[in-house]
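Undergrad: coords below, sequence missing:
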């Protein structure tokens, strides 16, 4: 696909990807078998970032969402990945600010469940804590669940619990 395709997200993680997901959503809404009033979104890690971004930057599109281990502020994510795509906060302050989910929490609509492992070394727990603090400050209700002792991926017997929780959340809110 070439360099232009690969670098479409350079210095602005989230923008092109959201447009791509929203284009897919517009397609789905045209299908007769899709109930567009009961749309849900689920993502983990970068997918959690995308979930929180869409719920706050495109409010009202989804009725409910679940974001696991979400990147909220790219300056809190691992340097190797972030700086490859975003440069540094010093060289790309606009990119970091534009794609910091904290800037959009006040626009949240719909039900949102955040999930995080308490020992996550990849997307540090601080990301979810900052989002929760911003939600409280903006008077936005957010549901939250932690997996004590789990790192970035919830594994073992607790993974069944995780997917039951996600399924139940959608059954209750869609």
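TA: Perfect, I can see it now. Not measured: the values here are computed from a predicted model.

Undergrad: now the strand ranked longest in the chain, how far from the centre of its chain.
TA: Longest strand in the chain by number of residues (criterion: DSSP state E): strand 111-117. The chain centre lies 9 Å from the centre of strand 111-117; the measure is Cα atoms, centre = their mean, to the nearest Å.

Undergrad: Excluding sequence neighbours, find me the nearest residue to residue 97.
TA: Leaving aside its sequence neighbours, residue 97 sits nearest to residue 103 (Cβ to Cβ, 6 or more residues apart in numbering; 6.7 Å). To be clear about C-beta, it is placed using only N, CA and C from the backbone, and glycine gets the same treatment.

Undergrad: so what's the one you found scoring on pLDDT?
TA: pLDDT for residue 103: 98.

Undergrad: where does it land in three-state SS?
TA: The local conformation at residue 103, judged by DSSP: H, G, I helix; E, B strand; the rest coil, is helix.

Undergrad: Tell me which other helices or strands the longest strand of the chain touches.
TA: Counting contacts by 3 or more Cβ pairs under 8 Å, 6 or more residues apart in numbering; DSSP states H and E, strand 111-117 is packed against helix 46-57, strand 64-68, helix 126-137, strand 143-147, helix 157-173.

Undergrad: do you know which of these lies nearest residue 8?
TA: Comparing the helices and strands packed on strand 111-117 by their distance to residue 8 (Cβ to Cβ), the top pick is helix 46-57, with 14.8 Å.
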